[in-house]
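Engineer: when you get a sec, could you give me coordinates for this:
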Amino acid sequence: MTHIRRVLATTVLALVLVGKAAAEQPPHLLPTRDVEIIYEVTLSSQPRIRERVRFLAAELLERVDGPHKSTTIFDRRSHEITILSLENRTFLKLNMPRQPQEPEPEATLKRGNESVVAGLHCVEWSWTEDLETRTVCLTEDGVLLRFLIDSKTVSEARSVSYRRQSVELFQVPPGYAPLLAPRGAPSLDRTQPDYRLASGRLLLPSQCVWPALFSHGRILDVAHESEAKAKKQSRTGFGICRVVIDAC
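Structural biologist: Sure thing, here's the model as predicted:
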């Protein structure tokens, strides 16, 4: 009997240690399998919108279809963003900045509460950045179900569908031309190294990418609540970024 009790005690202790170790494992920050998610996105002083987000997990590709026929493709291998203009069949490539729902590599993530969003279980992970507390609720396989800043919901999944994604969805469609010269951009100094224009690839300071993507369906500038704050944080100024937005 004593032997059985010792075996049971050892088994229980082992399960506790395994469970604790699993709980302390860092989360997957990107989906580990193909998935399609419909998000509802809310920002202060902005109308609520819906985005359709698809992941090709094996290739680290993400496609975001927002309102106004806007499409943005994120390639995390090449660290490149492709913005498609369906209206005039053009594309623009940009350097890819880190997104606000992605913590810095050195950030310390704190495990929080568990929740159910869009019918799926997720765990909250929080970190501090720019004096803000950012929280993501992630499924075990890396699907973002909710993103909060200072306890205010920025985006939340409304539906999640696991299905195979076609690689063609994450490529520039045939017949699209590179956008090489933004309209109305006389102030854009193309002689500077930060503004090289070639083969449809526009290289801009990373600060400019945040407001630019905001107008293409992908809400990336959640930390920029005003143009004044964007100007303060960007040496290039908000005006130049806006020129690129208008051109797309």
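Engineer: what segments of the chain are helices?
Structural biologist: In the chain, helices defined by DSSP state H lie at 2-23, 206-214, 227-233, 238-247, listed in chain order.
Engineer: lowest-confidence stretch among the ones you listed?
Structural biologist: Of all the helices of the chain, mean pLDDT reaches its minimum on helix 238-247 (a mean of 36).
Engineer: I'd say residue 96 and residue 77 touch.
Structural biologist: No - here residue 96 lies out of contact with residue 77, judged by C-beta atoms under 8 Å, at a distance of 10.2 Å. Where C-beta positions appear, they are placed from N, C-alpha and C, glycine not excepted.
Engineer: what's the neighbour count on the spatially closest residue to residue 87 that is not a sequence neighbour?
Structural biologist: Using C-beta to C-beta, 6 or more residues apart in numbering and skipping residues adjacent in sequence, the residue nearest residue 87 is residue 69, 6.3 Å away. For residue 69, the number of neighbouring residues by other C-beta atoms under 10 Å comes to 12.
Engineer: go ahead and confirm residue 69 touches residue 89.
Structural biologist: No - Residue 69 is beyond contact range of residue 89, at 11.3 Å (criterion: C-beta under 8 Å).
Engineer: and the residue nearest to residue 87, what pLDDT?
Structural biologist: For residue 69, the predicted pLDDT is 81.
Engineer: same question, residue 76
Structural biologist: Taking residue 76 on its own, its pLDDT is 96.
Engineer: what sits against it?
Structural biologist: 30, 60-62, 96 (C-beta atoms under 8 Å, 6 or more residues apart in numbering).
Engineer: mind checking which of those land in strands?
Structural biologist: 61-62 (DSSP state E).
Engineer: please point out which parts of stretch 134-148 sit buried.
Structural biologist: Under the neighbour-count criterion of 16 or more other C-beta atoms under 10 Å, stretch 134-148 has 134-139, 142-148 buried.
Engineer: err, stretch 109-127, not the other one
Structural biologist: Residues of stretch 109-127 classed as buried: 109, 117-118, 120, 122-127 (neighbour count, 16+ other C-beta under 10 Å).
Engineer: can you put these in CSV and add pLDDT?
Structural biologist: Listed next are the buried residues of stretch 109-127 as CSV, based on pLDDT from 0 to 100:
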residue, pLDDT
109, 97
117, 98
118, 98
120, 98
122, 98
123, 98
124, 98
125, 98
126, 98
127, 97
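Engineer: now, which of those sits nearest residue 162?
Structural biologist: In terms of C-beta to C-beta, no member of the buried residues of stretch 109-127 lies closer to residue 162 than residue 120, at 10.1 Å.
Engineer: correct me if wrong: the closest one contacts residue 145.
Structural biologist: Yes - applying C-beta under 8 Å, one finds residue 120 in contact with residue 145, separated by 6.2 Å.
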